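Enquirer: Quick one: sequence and predicted model below, then my questions.
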Amino acid sequence: MFCIKHALIVVALVMVGATPAQSKDWPSRPVTIIVPFVAGGSTDIVARLMAERFRAEFNSAFVIENRPGATGNIGAVAAAKAAPDGHTLLFSTSGPVATNVLLFKTLQANPLTDLAPIALIAEVPLFVVVNAKLPIHNLKELLDYDKANPGKLNFGHAGTGSMGHMASELFAETAGRKFTSIVYQGSPAVTRDLVAGVIDVAFDLVPSYMPFIQAGTVRAIAVATSQRMPELADVPTVMEQGFKNFEASSFVALLGPANMPQEIVQKLNAVANAWLQEDASKKALQAQTLHAIGGTPEKLKERMRAEIRKWEPVVKSAGISLGN
């Protein structure tokens, strides 16, 4: 028994000393950054740009792995269940790391407890956009048109539980209206039908629509962020148009499995924040209509909690659910 006790003590001491050694040697092999969506979207593009910065800084391979499915949950779960040694990371929007907990009855991983926040990267603005043929240039005209043509306006969004869906429900509740909601699978399909006039209005994230706004085929009538977008400086916010405290946007962030060594978290956070300050990075984000944020891991954790608090009553009131 005496020998067994001493052996256990030795093993414990070795394990205690293992983490600093692992942290010091990190990365000791290629680092996988899981993106829980298909390749080619804004999240994927920004993740690849950041991976290049990490490669240069840490002199090691940072490989993007697209793991789409289940509204981002497949990729998020894979990251949460990976070894917490800093060799598997997650680059995600707010859904898989925050609001999905409101939409699914059960999740294989809880983002608040099973993921380690590293850095809040950027905000993804959401706005209200209409087919340019409609005589609607602001939210008042939208509501007036709806009143004069009850049941005629069709509102499209990128899927059940998407930020556009939740924001449209919040807007309808705030305005005291009930709109016809058309559910799509992703922003490209919403954009296509809005341009074609199949639907009249969309609540959606900005990036997909900029070319069509510039071409004049669709018209942005309100931005749901707290301040106007530099890219759409003449488009007022929802709050400016009389809807107090109305704000809706997504975010992109870098996370890892829970219990990652803090030394690795801080290294990644420092490089991510430095990257966000570089002119080339700012231009790259602006090209995707994303706005750099940055900050501490604690700031990201609070943003995750805040998103859940904000949208929980909306999800419950509207009965939004993605099942099990």
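Expert: In hand now; what should we look at? Since the structure is predicted, the reported quantities are computational estimates derived from the model, not experimental observations.
Enquirer: which stretches of the chain have low pLDDT?
Expert: 1-22, 324 (pLDDT under 70).
Enquirer: Give me the longest strand you can find in it.
Expert: strand 115-131 (DSSP state E).
Enquirer: how about it as CSV, C-alpha atoms only?
Expert: The C-alpha trace of strand 115-131 is given here as CSV (Å, rounded to 0.1, in the frame of the first residue of the first chain):
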residue,chain,number,x,y,z
LEU,A,115,-15.9,25.5,-25.0
ALA,A,116,-13.2,27.9,-23.9
PRO,A,117,-13.6,31.4,-25.3
ILE,A,118,-10.5,32.8,-26.9
ALA,A,119,-11.3,36.0,-28.8
LEU,A,120,-14.3,37.9,-30.1
ILE,A,121,-13.3,38.6,-33.7
ALA,A,122,-16.0,40.6,-35.5
GLU,A,123,-19.6,41.6,-35.6
VAL,A,124,-21.8,40.6,-38.5
PRO,A,125,-24.5,43.3,-39.1
LEU,A,126,-28.1,42.4,-39.8
PHE,A,127,-30.5,44.6,-41.7
VAL,A,128,-33.9,45.0,-43.3
VAL,A,129,-33.8,44.9,-47.1
VAL,A,130,-36.7,45.1,-49.6
ASN,A,131,-37.1,44.5,-53.3
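Enquirer: after it, next one along is what?
Expert: helix 139-148 (DSSP states H and E).
Enquirer: The longest strand of the chain pairs with which strands?
Expert: If you go by DSSP bridges, strand 115-131 pairs up with strand 201-205 (antiparallel), strand 218-223 (antiparallel), strand 249-257 (antiparallel), strand 291-292 (antiparallel).
Enquirer: Report all helices and strands that the helix or strand following the first one contacts.
Expert: In this case it means strand 201-205. Sequence-wise, the next helix or strand downstream of strand 201-205 (DSSP H and E) is helix 210-215. Contacts defined by 3 or more Cβ pairs under 8 Å, 6 or more residues apart in numbering; DSSP states H and E place helix 210-215 against helix 187-196, strand 218-223. (Each C-beta comes from the backbone N, C-alpha and C, glycine too.)
Enquirer: winner for burial among the ones you listed?
Expert: strand 218-223 (a mean of 23; mean count of other Cβ atoms under 10 Å).
Enquirer: what's it in contact with?
Expert: With contact meaning Cβ atoms under 8 Å, 6 or more residues apart in numbering, strand 218-223 is reached by 125-132, 134, 136-139, 141-142, 191, 194-195, 209, 212-213, 229, 232, 235-238, 241.
Enquirer: Just the buried ones out of those, please.
Expert: 125-132, 134, 136, 138-139, 142, 191, 194-195, 209, 212-213, 229, 232, 235-238, 241 (16 or more other Cβ atoms under 10 Å).
Enquirer: ok, back up a step: go through the helices and strands packed on helix 210-215 and name the closest to residue 256.
Expert: Residue 256 lies closest, by Cβ to Cβ, to one member of these: helix 187-196, at 27.5 Å.
Enquirer: Next, the angle from that closest one to strand 218-223.
Expert: Here helix 187-196 runs at an angle of 110 degrees relative to strand 218-223 (axes from the mean of the first three to the mean of the last three Cα atoms, to 10 degrees).
Enquirer: Mind giving me the packing neighbours of helix 187-196?
Expert: By 3+ Cβ pairs under 8 Å, 6+ apart, helix 187-196 packs against strand 115-131, strand 154-157, strand 201-205, helix 210-215, strand 218-223.
Enquirer: can you map out the helices along the stretch 1-150 of the chain?
Expert: Taking DSSP state H, counting those that start in this stretch to define them, one finds helices in the stretch 1-150 of the chain at 2-25, 42-58, 73-80, 94, 100-103, 111-114, 139-148.
Enquirer: list the contacts for residue 50?
Expert: Per Cβ under 8 Å, 6+ apart, neighbours of residue 50: 33, 91, 121, 254, 272, 275.
Enquirer: Report the separation between the fifth one and residue 238.
Expert: From residue 272 over to residue 238 the distance is 30 Å, taken as Cβ to Cβ, to the nearest Å.
Enquirer: cool, the first one as well?
Expert: As for residue 33, its distance to residue 238 is 34 Å (criterion: Cβ to Cβ).
Enquirer: what's the answer for the second one, then?
Expert: Shown here: residue 91 relative to residue 238, a distance of 28 Å by Cβ to Cβ.
Enquirer: Now the residue nearest to the spatial centre of the chain. Nearest residue, chain neighbours left out?
Expert: Closest to where the C-alpha atoms of the chain average out (Cα atoms, centre = their mean) is residue 93, at 2.1 Å. The shortest distance from residue 93 to any non-neighbouring residue, by Cβ to Cβ, 6 or more residues apart in numbering, is to residue 250 (5.0 Å).
Enquirer: so who does that neighbour touch?
Expert: Counting by Cβ under 8 Å, 6+ apart, residue 250 has contacts 93-95, 123-124, 126, 163, 205.
Enquirer: swap the cut-off to 7 Å and go again
Expert: 93-94, 124, 126, 163, 205 (Cβ atoms under 7 Å, 6 or more residues apart in numbering).
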